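> I'll drop the sequence and a predicted model, then ask my questions.
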Amino acid sequence: MSPDHGARRSRVIMVEPALTQLAKLIASETHRLDRAIVAISVNPELGTEVSGTLLRDYADEVDGVRVIYYVTALRTITIVSHVEA
């Protein structure tokens, strides 16, 4: 019998603006942001819908991070367009 596997993560891709923002973060900010991105990759519905768009806005007030992203139709790829930490 095969072992139970957890939820399949979506692949996360960052577009150029998010990569530029990421390059400006210090190590502790990047670490906090990593946790948020992992959470989103496991459950892309965490963020709230941005009205009138395909975007989702995820804010983790405990870690002080914000990620704006959208998910492909098959939910296999999450595309990050904006990050704050």
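Received the coordinates, thanks.
> alpha carbons of the helix or strand bottoming out on mean pLDDT in the chain, as CSV, please.
Sorting the helices and strands of the chain by mean pLDDT, DSSP states H and E puts strand 77-84 at the bottom, at a mean of 88. The C-alpha coordinates for strand 77-84 follow below in CSV (Å, rounded to 0.1, in the frame of the first residue of the first chain):
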residue,chain,number,x,y,z
ILE,A,77,1.0,27.2,-11.5
THR,A,78,0.8,30.2,-9.2
ILE,A,79,2.2,33.4,-10.8
VAL,A,80,3.4,36.1,-8.3
SER,A,81,3.3,39.6,-9.5
HIS,A,82,3.9,41.7,-6.3
VAL,A,83,5.6,41.0,-3.0
GLU,A,84,6.0,43.1,0.2
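> name the helices or strands packed onto it?
In terms of contacts (3 or more C-beta pairs under 8 Å, 6 or more residues apart in numbering; DSSP states H and E), strand 77-84 is packed against strand 11-14, helix 16-23, helix 27-42, strand 65-71. C-beta coordinates here come from the backbone N, C-alpha and C atoms, glycine included.
> what count of nearby residues applies to E84?
Using other C-beta atoms under 10 Å, E84 has 13 neighbouring residues.
> circling back: pick the most buried one from the helices and strands packed on strand 77-84.
Across the helices and strands packed on strand 77-84, averaging neighbours per residue (mean count of other C-beta atoms under 10 Å) puts strand 65-71 on top, at a mean of 21.
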